[in-house]
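S.K.: Sequence isn't available, so here's the structure alone:
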């Protein structure tokens with residue numbers, strides 16, 4: 001299990017890398033996602049999930065724009081073993097489901113696909129493509145799927161090089177409030 005200080009260190013040491021094919025860094029993308037969640041009135045857990053949804057990119061770096069090389073880095077799963085035990089399912093499940101939320105949104109909103117960035121369209125194909133009607137219905141019936149859809153929409157918007165956000169210490173305090181009681185002070 002990773003600690004909150006270790007998460008901060010990951011953002012501080014690797015957050016300067018560009019977010020694949022987008023005009024923002026990994027840290028900017030995380031802070032923007034969390035800020036958009038907060039502005040929408042999301043729960044603290046969902047704001048925390050928005051901040052951490054792409055942590056797998058920092059834990060398992062695959063170089064610049066892996067999708068351009070035909071690589072699906074499965075980042076939505078990679079971070080979960082590190083975060084399990086630190087956060088509840090209300091944080092973990094939207095992270096795990098945010099890629100499938102893109103597949104769902106493409107299946108249920110005809111205009112959604114056209115709004116995706118070039119890299120998101122490319123990675124969609126590597127991630128299994130657009131859900132069929134049955135898979136979309138099964139997905140949205142899952143616990144935390146609606147939160148994953150909300151997270152996905154913030155994720156799509158969090159690519160604005162000019163967006164001003166609170167800094168990482170602001171959201172570090174939020175992570176501490178979302179941490180499971182036994183871990184809230186351990187390593188923090």
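M.R.: In hand now; what should we look at? Here the structure is a predicted model, which is why all the values come from computation and not from measurement.
S.K.: In this structure, spot the helix with the most residues.
M.R.: helix 89-108 (DSSP state H).
S.K.: any idea of the mean pLDDT in that helix?
M.R.: Rounded to a whole number, the mean pLDDT of helix 89-108 is 96.
S.K.: ditto for stretch 169-181
M.R.: Taken as a whole, stretch 169-181 carries a mean pLDDT of 96.
S.K.: Enumerate the positions of it that are buried.
M.R.: By neighbour count on 16 or more other CB atoms under 10 Å, the buried set for stretch 169-181 is 171, 172, 174, 175, 178, 179. The C-beta positions use only the backbone N, C-alpha and C, and glycine is treated the same way.
S.K.: hang on, isn't the second one packed against residue 8?
M.R.: Think residue 172. Yes: between residue 172 and residue 8 a contact is recorded at 5.8 Å, counting by CB atoms under 8 Å.
S.K.: So which other helices or strands are in contact with the longest helix of the chain?
M.R.: In this structure, helix 89-108 packs against helix 44-52, helix 75-78, helix 80-83, helix 112-115, helix 118-126, helix 133-140, helix 145-157, with contacts taken as 3 or more CB pairs under 8 Å, 6 or more residues apart in numbering; DSSP states H and E.
S.K.: Put together TSV for those, with distance to residue 25 on each row.
M.R.: Formatted as TSV, the entries for those read as follows, by distance: least, CB to CB, whole Å:
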stretch	distance to residue 25
helix 44-52	14
helix 75-78	16
helix 80-83	21
helix 112-115	22
helix 118-126	15
helix 133-140	30
helix 145-157	15
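S.K.: Poorly predicted segments of the chain, please.
M.R.: Under the criterion pLDDT under 70, the flagged ranges of the chain are 61-74, 76-77, 183-188.
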